[in-house]
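Trainee: Have a look at this fold, sequence not included:
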């Protein structure tokens, strides 16, 4: 069965700092990769997704992620974070053409003014 | 509806009691999922429904957990004889169908506390 690892559990940054959140998965076949975000008091929302094609995926609010197949990674990046990016970020993977997601444990990001 | 709706939003129950959690998916979505998130952990898949196909129950942690869905509408997740380790946020989600190209939309969750 596939699994997803997010190594950073808590990240604290100052506004305008650059962000990179790590995500690694274990599965040898074709994968679909996702980043979800949960802002305080809100439900989970899709940030971006990768199915095929260009491994550099652009999402909402200036976020991007790069799929590196050889490293089984799908790290999330943002060049300059804002206070409003404070949230919990979840990496997820689906396999086999289905839509059942396996999630990582999440990374709590706090952006300080 | 506009989004995935779940009720109750919060539930406190005594150990040993049964609870029912309800999910109303986005209208027209044939795929419906239940996930659980315990404190400090990621989301765990529980069960998913796709139209009239047999549900994928592979994530249900024990036979105390069951779920039903009537057609392509409301789903109910039932936990019998609740235990303290059942305390978690139970998240429902839906998508247009089970194809991986479809975005999964989540509800706000039902917070269950077993005391």
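Mentor: Right, received. Where do you want to start? Source: prediction; values computed, not measured.
Trainee: what's around residue B:74, how many residues?
Mentor: 14 (other CB atoms under 10 Å in any protein chain shown). (Glycine included, C-beta is placed from N, CA and C.)
Trainee: before we move on, what about residue B:56?
Mentor: Here the count is done by other CB under 10 Å, and residue B:56 has 17 residues near it.
Trainee: Spatially nearest residue to it, not counting backbone neighbours?
Mentor: The spatial neighbour of residue B:56 that comes closest, neighbours along the chain excluded (CB to CB, 6 or more residues apart in numbering or on different chains), is residue B:48 at 5.0 Å.
Trainee: Would you mind confirming that the one you found makes contact with residue B:98?
Mentor: Yes: taking CB atoms under 8 Å as the definition, residue B:48 is a contact partner of residue B:98 at 7.5 Å.
Trainee: got any residues that touch both of these two?
Mentor: Both residue B:48 and residue B:98 are in contact with A:99, B:31, where contact means CB atoms under 8 Å, 6 or more residues apart in numbering or on different chains.
Trainee: which one of these two has more residues nearby?
Mentor: For residue B:48 versus residue B:98, neighbours defined as other CB under 10 Å are more numerous around residue B:48 (28 against 21).
Trainee: Let me know the next secondary structure element after the helix or strand hosting the more buried one.
Mentor: In this structure, residue B:48 is located in strand B:43-50 according to DSSP states H and E. Using DSSP H and E, the helix or strand that follows strand B:43-50 in sequence is strand B:65-69.
Trainee: quick one: that next one near chain A?
Mentor: No: under the criterion of CB under 8 Å from any CB of the partner chain, strand B:65-69 makes no contact with chain A; the nearest approach is 14.4 Å.
Trainee: Counting neighbours, which bits of that strand end up buried?
Mentor: Buried residues in strand B:65-69, counted by 16 or more other CB atoms under 10 Å in any protein chain shown: B:65, B:67, B:69.
Trainee: would you list these in TSV and tack on distance to residue B:75?
Mentor: Converted to TSV, the buried residues of strand B:65-69 look like this (distance: CB to CB, whole Å):
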residue	distance to residue B:75
B:65	13
B:67	6
B:69	4
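Trainee: Tell me how far the residue nearest to residue B:56 lies from residue A:52.
Mentor: Noted for residue B:48: a distance of 23 Å to residue A:52, by CB to CB, to the nearest Å.
Trainee: Quick check: closest non-adjacent residue to the residue lying farthest from the centre of chain B.
Mentor: For chain B, the C-alpha lying farthest from the average C-alpha position belongs to residue B:101; by CA atoms, centre = their mean, that distance is 21.4 Å. Closest residue to residue B:101 apart from its sequence neighbours, by CB to CB, 6+ apart: residue A:51 at 6.5 Å.
Trainee: dump the residue contacts of the residue positioned nearest the centre of chain A.
Mentor: What sits nearest the mean C-alpha location of chain A, by CA atoms, centre = their mean, is residue A:35, with 3.6 Å. Residues touching residue A:35, when contacts are defined by CB under 8 Å, 6+ apart, comprise A:23, A:46-49, A:59, A:63, A:65, A:74, A:76, A:89-92.
Trainee: Just give me the closest of these to residue B:43.
Mentor: The closest of the contacts of residue A:35 to residue B:43 turns out to be residue A:90 (CB to CB; 6.9 Å).
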